[in-house]
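> 3D, please:
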Amino acid sequence: MDCPSCKSELLAKVEFGIALDECSACGGIWLEDGELQRILNSGAEITLGLEESVCPSGEIVTIRDLNRVCPKCSIHLDRYRYNYSSQIELDTCHQCNGVWVDDGELFAIKEFNQAEKEITAADGGKWLAGVTAMAEFEGEALEHRQRARRIIGGVRHVMTCRYGFYMPKDDFPMPASEVPSFVDPTK
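As a prediction, the model looks like this:
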């Protein structure tokens, strides 16, 4: 397998009981599905140990382009933020769920998680409770929007079939006789 960042050969090895593919040229790590979470759940010592065990062979030349390719599936990697409030960008494959971690990003994730724990502990959990409440509110809002769409679809169907009115999306009802000829009023 080739490194998504510098195109060097990845070396398969097991560190701290976790199978990974490392790039000795740029220091990046390819993690299979679920391995990143296993690393983060295993504690700071293992995270730091993995970061230190994979050392780049020379000057780090990381290519942050849009053409990173999954070393396993050979498809385009999608870039995402580790956490919506962090600046850490990871690359993932939507097909195999593998994750590419650039050199230093495991350490940055550990530091970010530690800072989040300190913030949560300092405010007595109010921040986390607020974030949880906001996520629940967003979930409820999504459910309400989906329900409203179903109701509007039903009303649109009844108005068209029973009363002869065509209700285009995001518009006012109009008589079916005024519907343009290219529009199917049953949809």
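> I46 and L20 touch, don't they?
No - taking CB atoms under 8 Å as the definition, I46 is not a contact partner of L20, at 11.6 Å. Any C-beta I mention is one placed from the backbone N, CA and C, and that applies to glycine too.
> Between those two, point out the one with more neighbours.
Taking other CB atoms under 10 Å, I46 and L20 do not tie; L20 has more neighbours (22 against 19).
> Just say helix, strand or coil for the more buried one.
Using DSSP: H, G, I helix; E, B strand; the rest coil as the criterion, the local structure at L20 reads strand.
> Residues in a beta bridge with it, which ones?
The bridge-partner assignment for L20, based on DSSP bridges, gives K13.
> before we move on, back to that, what sits in contact with each of I46 and L20?
Both I46 and L20 lack any common contact, where contact means CB atoms under 8 Å, 6 or more residues apart in numbering.
> I'd guessed D102 sits against W30; true?
No - between D102 and W30 there is no contact under CB under 8 Å: 10.9 Å.
> Same drill for these two, tell me which one is more crowded.
Set side by side, D102 and W30 show more neighbours around W30, with 25 against 21, by other CB under 10 Å.
> Distance-wise, check the more buried one relative to A121.
Counting by CB to CB, to the nearest Å, the separation of W30 from A121 is 34 Å.
> What of E9?
44 Å.
> Could you do S42 as well?
In this structure, S42 lies at 21 Å from A121, with CB to CB as the measure.
> Looking at the two, which is more packed in?
Set S42 next to A121 and count neighbours by other CB under 10 Å: S42 wins out with 15 against 11.
> What does the residue lying closest to the more buried one once chain neighbours are set aside show for phi and psi?
The shortest distance from S42 to any residue that is not its chain neighbour, by CB to CB, 6 or more residues apart in numbering, is 7.1 Å, and that residue is F16. Dihedral angles of F16 (phi, psi; degrees, to the nearest 10) stand at phi 50, psi 30.
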